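Engineer: Predicted structure and sequence below. I'll ask about it afterward.
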Amino acid sequence: MIQHLVDGILVGSILSLGAIGLTMAMHMLRFANFSHAELLSIGAYCALVFDGVFKAVYTPLGDVIGPLSLTWALSLAIVISMAITGGSAILIDRLVFARVRAKGGELSMVFASFGVAMIIRNVLGLTFGLKVQLYSQDIVFAMVLSRDPFLLVKPDQIFSLVAALIIMFAFHLVLSRTTFGYSLRAVAENPQLAQVSGINLNRMITLIWIIGGGLAAAAGVFYGLTNQINPVLGRDLLLPIFAATIVGGIGSIYGAALGGFLVGIASNLALLILPSGYSPAMPFLIILAVLIIRPTGLFGEERQ
Amino acid sequence: MKKKAKHLALAIGMVTGIASYGSAAMAQDCTTKVGAVLPTSVDWGKPIAATAQYVVDLVNEAGGVAGCKIEMVLRDSQVDPKVGVDAAKALVDLDGVQVLLGAVSSGVSMPILTSVTAPAGVMQMSCCSSSTAFTGLAKDGKTKGLWFRTFATSGVQAAVGAMVARDQGYKSIAIMYKNDDWGQDIGKLIAGDFEALGIKVTASVALNDGQASYRAEVTEALKGQPEALYMALYPKEGTAAVREWLSLGGTQNMIVANSLKSDEFRDNVGLKYLGKAIGTDTASPRSQSASAFVDQYTAHFGKAPSGPGLANSYDAAMIALLAMEAAGKGADGAKVASMVSKVTDSSGTPVTADVAGFKKAKEVLAGGGSVFYQGATGNVRFDGNGDVSAPAVTWGFSDAGIKELSFISLTDVDAFIASMK
């Protein structure tokens, strides 16, 4: 029971990072971006490439940090991967979404995002192969946190959780303490009014993609670190991330963060009562339950 | 004038066309397509497809089938039922194939059989699907006699897995199986076998494809603190689950099904953790025709056939093409399927599994006789449900790849299965 709860929180942190970016893009650009989860894959592979590059350039970077399987090279690669993934998100917006946005409606955007997701997934598959890849072949053994109740946690998972929380906290400070944060929230509230007040909408959209892409990249790397990397990683995480977004309420950044944890915990606790074969249905059930009981999600506002 | 010339050319074309019909040169004039749906995008799937293509090349070298060259249209299944069904549908509807080779996974073969080949009357011959669900389907008459496989059912492998557990003296064991037709089948079978041998099954956990994390499932399997772990998983989720299992302090006493016979799995988990892992697989009998296949394969591909399903893929393709030869030109799937028994007839003329053997089979069949195919997996005999039985091996992981640990003959396998009932 406790073990499932803790596991849920650990998985949840990854979902939260993904959901924050998704909820922002969904709210401000007014469309369900089904390609968002592919940014996690881009991030994970990007870090894999740079991890290799750094190790090759300067061997001591290949040393692991403390009890983790994480190397110095990989931690540097995370930062670069966040930047590149943010860049890719902008590139995709310029190439596809901006053009569709200018001409088509919300539904066209949704279909475009399906297409983009497929392209990214297959390009990654063609480039890196469909095989499973890992940042480190070594198995880091879990630590026994307590004997009664029996609680096992892997160091990498704790790192991922702490790093995710730090990233989220930093983002919270940006949102609440900076002009940029206010502008962001203003655009979320009412894009037209925000523009009248002198906020450059296009610039904000660019920034949203950078942040969304960066957070997704971090989530992708953390996922790769605690599980494995493969080209369909994004597709596998798509549904839980959407569930997290919907639970939190579309547009609510804090809701998305909380939603990630809730979905992670719910999926893990579900195994206590459901056979494991049904676990992929959990995110669907959560989405259904939220839409029936509270369609706006925990923190969402009704949209006029 | 121009028009006249065109007519003339057409007439000449027609005359020569008719003239060549029935001549010896016609083998080059027509092409018969056979379909193949195999997972070419995964490391263990590529050689299976290459082996099938190799058989097609050999048969073409022997003069083709029923006077026509054979072209194998290969499509990737990506080990995904949806992709596999799409691929099979395209092969049947667009390429008009009457014979389909594939798929590898039971979870892919099953929807292809039920929604594509059986409704369309196309013969399906799988190299590697082992689920006993096919046997049930065949018994109900739903396969319409169009289904064959050259791979022994999961029953054999489950029994050998249980035998390993007994020989290792494990008292309790957890089972993790892939949540598809094959995995559910073998998971259920082996749980029954363990119980029959008095080994306690502490947990039986289904693993789905593409889960974000297998943590919860592994925790579930660890709960009863089993002495050993049985896995019927594929390398992708197998890697994730085993790494999780080991890092959470799970035992290294593992028994694994043939699906984990993969270098990718060994490398990603690490050989140092797999020292106590024992694998099971069905095997080729130690017969002359089987070793002839190994020699021939090694000579052609430059390495010995070590992956799963290679000998089976060879036999699947060869028997399918022999049956097409027996059925004659333009035969439909049902006709070809009905001829399978004619080319695997134990009272027929024995033929070897190579170019010379195929040529000989052509002569015998042309003379109205039946042939007894001596294949890479031995003297293949299908029962009424399109199933074959087989001897088994146990194997382990090593630096050089997969090493064989022991060989269990068909008689021993059958005796052991009978002893548990």
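Structural biologist: Everything's here; your move.
Engineer: From here on, just use CA atoms for contacts and neighbour counts.
Structural biologist: Noted.
Engineer: Would you list the phi and psi of residue B:396?
Structural biologist: Torsion angles at residue B:396 (phi, psi; degrees, to the nearest 10) stand at phi -140, psi 170.
Engineer: That one: what's it in contact with?
Structural biologist: With contacts taken as CA atoms under 8 Å, 6 or more residues apart in numbering or on different chains, residue B:396 has the following neighbours: B:275-279, B:402-405.
Engineer: how near is residue B:243 to residue A:228?
Structural biologist: According to CA to CA, to the nearest Å, residue B:243 and residue A:228 sit 10 Å apart.
Engineer: Comparing those two, which shows the higher neighbour count?
Structural biologist: Shown here are residue B:243 and residue A:228; by other CA atoms under 10 Å in any protein chain shown, residue B:243 has more neighbours (28 against 25).
Engineer: Show me what the helix or strand encompassing the more buried one packs onto, helices and strands only.
Structural biologist: According to DSSP states H and E, residue B:243 maps onto helix B:235-247. The helices and strands touching helix B:235-247, judged by 3 or more CA pairs under 8 Å, 6 or more residues apart in numbering or on different chains; DSSP states H and E, are helix B:215-222, helix B:263-269.
Engineer: what about residue B:249, how many residues close to it?
Structural biologist: Other residues within reach of residue B:249 by the criterion other CA under 10 Å amount to 16.
Engineer: hey, C-alpha coordinates of stretch A:269-288 in CSV?
Structural biologist: Included here for stretch A:269-288 are C-alpha records, laid out as CSV according to Å, rounded to 0.1, in the frame of the first residue of the first chain:
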residue,chain,number,x,y,z
LEU,A,269,-3.1,2.0,-6.3
ALA,A,270,-5.5,0.6,-8.9
LEU,A,271,-3.3,-2.5,-9.0
LEU,A,272,-4.3,-3.3,-5.4
ILE,A,273,-7.8,-4.0,-6.6
LEU,A,274,-7.6,-4.6,-10.3
PRO,A,275,-5.6,-7.4,-12.1
SER,A,276,-2.5,-5.9,-13.7
GLY,A,277,-3.8,-6.7,-17.2
TYR,A,278,-6.3,-3.8,-16.8
SER,A,279,-3.8,-1.2,-15.7
PRO,A,280,-3.6,0.6,-19.1
ALA,A,281,-7.3,1.4,-18.7
MET,A,282,-6.7,3.5,-15.6
PRO,A,283,-5.9,6.8,-17.3
PHE,A,284,-9.1,6.4,-19.4
LEU,A,285,-11.2,5.7,-16.3
ILE,A,286,-9.7,8.8,-14.6
ILE,A,287,-10.5,11.0,-17.6
LEU,A,288,-14.0,9.6,-17.7
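Engineer: what about residue B:299, how many neighbours?
Structural biologist: Applying other CA under 10 Å, we find 11 other residues in the vicinity of residue B:299.
Engineer: Can you give me the pLDDT of it?
Structural biologist: Taken from the predicted model, the pLDDT recorded for residue B:299 is 92.
Engineer: Okay, and it sits in which element?
Structural biologist: Per DSSP H and E, residue B:299 falls inside helix B:288-301.
Engineer: And that helix, what's buried?
Structural biologist: The neighbour-count check on helix B:288-301 (16 or more other CA atoms under 10 Å in any protein chain shown) flags B:289-294, B:296-297 as buried.
Engineer: cool, and stretch A:190-210?
Structural biologist: Along stretch A:190-210, these residues count as buried under the neighbour rule (16+ other CA under 10 Å): A:191, A:194, A:199, A:201, A:204-210.
Engineer: Perfect, I'm done here.
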